[in-house]
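*Asks:* model the structure of this input:
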Amino acid sequence: MADELGFTLFGDSALGSREAGWARAVLSLDGEPYWADEDEGPFDWTWIEMLDWLARNWSALVLEEGWPLPLPRVRHPGDLLPQARERWRDLSQAQVDLEQTLVYRYLDRHNLGRSIRGAFVPALTIARSGNTMWLVDEDQQPSRVAFSAAYLLLEQVGQQLAHFFAVSQVPHVQATVAAWHDRENGLRRHCLTYRTGLDHDRLTRLGSVPLSLIEPPAQDFDPVKPESAYLAAARMARHVLTSSQIGALIMRIHNEMRGGTPISPRLATHAQTALGSLRDGKPWEQGYRLAQWLRAELKLDPSQRFDPMQLMHDYDVSVISATLETPAIDAIACWGESAPLVMINTHAEARSSTMHGQRSTLAHELCHLLIDRDRALPVAEVLGGEVDVECEQRANAFAAEILLPQALAARRWSAAASPGSALAELCVSHGVSRQLAAQHLLNTTSSNLTEDDRILLERALLRNRTTVDTAGTQ
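*Replies:* Residues are numbered from 1 along each chain as shown. As a prediction, the model looks like this:
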């Protein structure tokens, strides 16, 4: 973390008094001065403004995840405004005005650059994503660091500033220091709103959910500890389910969760080690390689159909069916200290309601259970809701590869008497849809495809667009 974000407080200012909130300091990024003077020395300014911003926005920085609008392709905070502007092209001015307020308020509480008033400093957007924290610089270049480390560093910055300005008798400086010291109470007050993404009105309409089930503990509240699966599921479903439907979902999860142990620690540890060697790879590359590793680890014959349901059963993962009131959600997975639970949506129009869709969904969730429980994801995932884009790309590629090994698919494609027969045979032998098989072939054999082959595969995608599986695209 020290190589990502740093802060050095040098002492008293030459331009103003400590009493009035002045100081000299440098904020660094990747080991280089980021907020500094023209010679990259200490920046002489009223740094009490930064402490004021940290105190006012501490709850948002520590608790808030996801985006204020339903924007499924936002990968990190730097994508938010550009993709919101694309969305606004097709909306009424009244709706644009409302959504602009939501987006700009979000940026106000997450862009550290907004803390310094009256001087130009580069933007630095900070936002939580599960067990990680995004840092996005003024050039929209993102980096992802451990949340626990980011939380500790930001807290240390605030503590340094509060201690430095504690001697002041100026009312606004005293008020800022006091607000910083009250930040823990703010976390408790704002926890439900920020962790669920639901405002007070929506929280009151959760139906039969007792607040005691979802409220944080009154004592020893620790934002670094994993949240409950209820809060995570509510947040990820907030853009596709009504308040009462979210309440029903919370109660269903509560009733189905049971004691037990997480999925095989040994297998998960080995999977984490395998991913570590692919740290710099693209998410979809990681997904393919992880699936290949798991097939080798389990000694699976690539010519045989993989059974994700059986593997879930072998590792004590509960798989249940539920008819949710939307086809937008394929599945909900929960983990943490309890035995993992995967809830498959059997809504008639959901892709997970088909045999192929269910297999793809289970394979997708298997990737999360192996890799993402201790990484970017929280203690639940709503597939089809608001999800982590990088994790989804990796899990989509994993699902395609574990169900249909790319090397085998490429060999059979090349040896087949006709493209149509190759596609049909792969679908039957490995239990995948034409959509998944066609997309997987396009992704993995494009350099060997003729133009006619490409047309046939893309036609298969169009013909099956209403039953899209989780192969995804690169």
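*Asks:* going forward, measure contacts between C-alpha atoms and count neighbours the same way
*Replies:* Fine.
*Asks:* just to be sure, residue 320 is in a strand?
*Replies:* Yes. Under DSSP: H, G, I helix; E, B strand; the rest coil, residue 320 falls within a strand.
*Asks:* what about the closest residue to residue 253 other than its chain neighbours, how many residues nearby?
*Replies:* Closest residue to residue 253 apart from its sequence neighbours, by Cα to Cα, 6 or more residues apart in numbering: residue 230 at 7.3 Å. The tally of other residues near residue 230 (other Cα atoms under 10 Å) stands at 23.
*Asks:* kindly report the same for residue 69.
*Replies:* Other residues close to residue 69 by other Cα under 10 Å number 17.
*Asks:* ok, residue 399 next?
*Replies:* As a burial measure, residue 399 scores 31 neighbours (other Cα under 10 Å).
*Asks:* same question, residue 199
*Replies:* The tally of other residues near residue 199 (other Cα under 10 Å) stands at 11.
*Asks:* residue contacts, it?
*Replies:* By Cα atoms under 8 Å, 6 or more residues apart in numbering, residue 199 lies in contact with residue 193.
*Asks:* host element of the residue nearest to residue 253?
*Replies:* helix 229-237 (DSSP states H and E).
*Asks:* CA atoms of that helix as PDB?
*Replies:* In PDB, the C-alpha atoms belonging to helix 229-237 read as follows (Å, rounded to 0.1, in the frame of the first residue of the first chain):
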ATOM      1  CA  ALA A 229     -24.700 -11.500   3.200                       C
ATOM      2  CA  TYR A 230     -28.000  -9.700   3.600                       C
ATOM      3  CA  LEU A 231     -26.500  -6.200   3.100                       C
ATOM      4  CA  ALA A 232     -24.400  -7.300   0.200                       C
ATOM      5  CA  ALA A 233     -27.300  -9.000  -1.600                       C
ATOM      6  CA  ALA A 234     -29.500  -6.000  -1.000                       C
ATOM      7  CA  ARG A 235     -27.000  -3.600  -2.500                       C
ATOM      8  CA  MET A 236     -26.400  -5.700  -5.600                       C
ATOM      9  CA  ALA A 237     -30.100  -6.200  -6.200                       C
END
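*Asks:* pretty sure residue 328 sits in a strand.
*Replies:* No. Counting by three-state DSSP, residue 328 is not found in a strand; it is coil.
*Asks:* thought it was touching residue 350?
*Replies:* Yes. Shown here, residue 328 and residue 350 form a contact pair, counting by Cα atoms under 8 Å, at 6.6 Å.
*Asks:* more neighbours, those two?
*Replies:* Higher neighbour count among residue 328 and residue 350: residue 350, with 24 against 19, using other Cα under 10 Å.
*Asks:* quick one: the strands in the stretch 251-400 of the chain?
*Replies:* 318-322, 331-334, 341-345, 380-383 (DSSP state E, counting those that start in this stretch).
*Asks:* tabulate these (TSV), appending mean pLDDT and distance to residue 27.
*Replies:* Formatted as TSV, these follow (pLDDT from 0 to 100; distance: least, Cα to Cα, whole Å):
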stretch	mean pLDDT	distance to residue 27
strand 318-322	91	47
strand 331-334	90	38
strand 341-345	92	43
strand 380-383	86	35
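*Asks:* show me what the helix holding residue 230 is packed up against.
*Replies:* Here helix 229-237 touches helix 183-196, helix 243-256, strand 380-383, going by 3 or more Cα pairs under 8 Å, 6 or more residues apart in numbering; DSSP states H and E.
*Asks:* check the ones you listed for me and report the most buried one.
*Replies:* Most buried of the helices and strands packed on helix 229-237, by mean neighbour count (mean count of other Cα atoms under 10 Å): strand 380-383, with a mean of 25.
*Asks:* on contacts alone, who are the packing partners of that one?
*Replies:* Counting contacts by 3+ Cα pairs under 8 Å, 6+ apart, strand 380-383 packs against helix 229-237, strand 331-334.
*Asks:* how about those in JSON lines, adding distance to residue 74?
*Replies:* Converted to JSON lines, the helices and strands packed on strand 380-383 look like this (distance: least, Cα to Cα, whole Å):
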{"stretch": "helix 229-237", "distance to residue 74": "14"}
{"stretch": "strand 331-334", "distance to residue 74": "20"}
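*Asks:* next one: residue 441 relative to residue 70, how far apart?
*Replies:* 31 Å (Cα to Cα, to the nearest Å).
*Asks:* same question, residue 359
*Replies:* Relative to residue 70, and taking Cα to Cα, residue 359 is found at 27 Å.
*Asks:* please say which of these two ends up with more neighbours.
*Replies:* Each of residue 359 and residue 70 has its neighbours counted (other Cα under 10 Å); residue 359 has more, 24 against 15.
*Asks:* the more buried one touches residue 308, doesn't it?
*Replies:* Yes. With contacts counted by Cα under 8 Å, residue 359 reaches residue 308, the gap being 6.5 Å.
*Asks:* so residue 205, which state does it fall into?
*Replies:* Here residue 205 is recorded as coil under three-state DSSP.
*Asks:* out of the helices and strands packed on helix 229-237, which is closest to residue 131?
*Replies:* Among the helices and strands packed on helix 229-237, the nearest to residue 131 by Cα to Cα is strand 380-383 (12.1 Å).
*Asks:* and for the closest one, what's in contact with it?
*Replies:* 229, 232-233, 236-237, 329-335, 387.
*Asks:* just the pLDDT at the residue nearest to residue 253, thanks.
*Replies:* In this model, residue 230 is scored at 89, pLDDT.
*Asks:* what's near enough to touch it?
*Replies:* When contacts are counted by Cα under 8 Å, 6+ apart, residue 230 touches 214, 250, 253-254.
*Asks:* ditto for residue 56
*Replies:* Per Cα under 8 Å, 6+ apart, neighbours of residue 56: 179-180.
*Asks:* state the helix or strand in which it lies.
*Replies:* helix 48-63.
*Asks:* what residues sit buried inside the very next helix or strand once past that helix?
*Replies:* Under the assignment DSSP H and E, the closest C-terminal helix or strand after helix 48-63 is helix 80-88. By 16 or more other Cα atoms under 10 Å, the buried positions in helix 80-88 come out as 80, 84.
*Asks:* for helix 80-88, name the packing helices and strands.
*Replies:* Applying 3+ Cα pairs under 8 Å, 6+ apart, one finds that helix 80-88 contacts helix 93-110.
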